[in-house]
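Asker: have a look at this prediction, sequence included:
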Amino acid sequence: YLSTNEATPFTVQIFNNNVLYTTATISKGNPTSVSIPEYFMMATTQSDLFTPSNKGMYVKGPKKFYANYRFEVTNHAEIITSKGLAGIGTTFYAAMAPNTAATSYVSSNIGILATEDNTSVTISGYDPGVVFSNGSSPTSINFILNKGQSYILDVASQDSPSNLTGLIGTKIVATQPITVTNGNYNGIYTTQNLTNNDILMDQSVPVDRLGKDFAVVKGNGPVNSGMEAILVVATEDNTTLLVNGNPYGVILNEGDYTLIQGTNYIDQGSSHYNISVKGSKNIYVYQLLAGTSVGNVYPSGGFNYIPPLSCFLPNKVDEIGFINRIGA
């Protein structure tokens, strides 16, 4: 899904595996969507994992534009928002929902895409008890990617007790700029029944794009449902937090995480809830939320990277197209 606030039309190029797939013309008031073959982005067999592959897309235009990938499978859907150049870097810490269900269809995932040839990547810092879906439990993972190549890691929650949360805070270091997408395909982070799961994924940013101050607006779930929560991942030792200006009572070291429950949201009036989170050092903040307020909120989870408050943030978003559509 492509859109822009530029009045003069321009052409966006979409590449897979360094090959031009198609082009699209956009301008203000004229967003567009482009159908993407499933195999460009999704791993469908075990052989797609733990090996360099050609999954992933590079989208390029001569002017600023918005791009997000929306996809659906049976009963599930998700939106991955491109962070543009802010999503490119050499050091990341992975984030995903802390799973509460040990079953074959609940997992944690990291996808890495290289932007330059001969990029060496090292994955480390995960729980030593993690068993990856290929049956291995290495102390670290190393591989080399060329431009346009990707590498996908996966752990199924049922394969080890450590797999529920053990991939959170994994350190990813590359010798040249990469982009990282992380999350759960699927994830469940409440104590509700195991059918209440959903795809929870977003593109990350490198550590040099992080900050200390964050504000988050609640999603559609009740604050006490467990669906509304804030995931914080530390990048440095001895990181403390203030939540709504008050000490949160945890000390996080590098790669540690905590989950701030939705009961900490403050009603600012007219059922408008928000929360402020401040770290003593730079942190990752992701929002877990319910996508609906009608009926059963538990199978409608979402997962959004939250940028830090900064004078560099835009003061308006103009425009995101087709907000009522996802997938096809």
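Answerer: The structure has been received and is ready for your questions. Numbering: from 1, shown residues only.

Asker: confidence score at the residue positioned nearest the centre of the chain?
Answerer: By C-alpha atoms, centre = their mean, the chain has its centre lying nearest to residue 202, at 2.2 Å. Looking at residue 202, its pLDDT reads 96.

Asker: quick one: the helices in the protein?
Answerer: Counting by DSSP state H, the chain has these helices, from start to end: 38-41.

Asker: so in that sheet, which strands flank the helix or strand of it with the lowest mean pLDDT, and in what orientation?
Answerer: Least confident helix or strand, the chain: strand 76-81 with a mean of 85, by mean pLDDT, DSSP states H and E. Strand 76-81 sits in its sheet next to strand 66-73 (antiparallel), going by DSSP bridges.

Asker: how far off centre is the partner strand?
Answerer: Chain-centre distance of strand 66-73: 12 Å, with C-alpha atoms, centre = their mean, to the nearest Å.

Asker: for that strand, list every residue counted as buried.
Answerer: Neighbour-count burial for strand 66-73 flags 66-71 (criterion: 16 or more other C-beta atoms under 10 Å). Bear in mind the C-beta positions are built from the backbone N, C-alpha and C, glycine included.

Asker: what's the answer for stretch 220-231, then?
Answerer: 220-221, 223, 225-231.

Asker: count of neighbours near residue 285?
Answerer: Residues near residue 285, counting by other C-beta atoms under 10 Å, number 24.

Asker: residue 116 too?
Answerer: 14.

Asker: also the one 10 residues further on?
Answerer: Close neighbours of residue 126, defined as other C-beta under 10 Å, add up to 27.

Asker: for the nearest residue to residue 13 once chain neighbours are set aside, what are its contacts?
Answerer: Excluding its sequence neighbours, the residue lying closest to residue 13 (C-beta to C-beta, 6 or more residues apart in numbering) is residue 60, at 4.8 Å. For residue 60, the contact set (C-beta atoms under 8 Å, 6 or more residues apart in numbering) comprises 12-13, 15.

Asker: repeat for residue 129
Answerer: Counting by C-beta under 8 Å, 6+ apart, residue 129 makes contact with 137, 160-162, 166.

Asker: return the member of those nearest to residue 7.
Answerer: Here the nearest of the contacts of residue 129 to residue 7, counting by C-beta to C-beta, is residue 166; it sits at 49.2 Å.

Asker: shaky segments in this protein?
Answerer: Low-confidence segments of the chain (pLDDT under 70): 311-313, 327-328.

Asker: if we use 80, what do you get?
Answerer: Residues of the chain meeting the criterion pLDDT under 80: 74-75, 193-195, 311-317, 327-328.

Asker: for residue 266, what are its contacts?
Answerer: Counting by C-beta under 8 Å, 6+ apart, residue 266 touches 244, 273-275.

Asker: where's it relative to residue 277, distance?
Answerer: Counting by C-beta to C-beta, to the nearest Å, the separation of residue 266 from residue 277 is 12 Å.

Asker: try residue 6
Answerer: Taken as C-beta to C-beta, the span from residue 6 to residue 277 is 34 Å.
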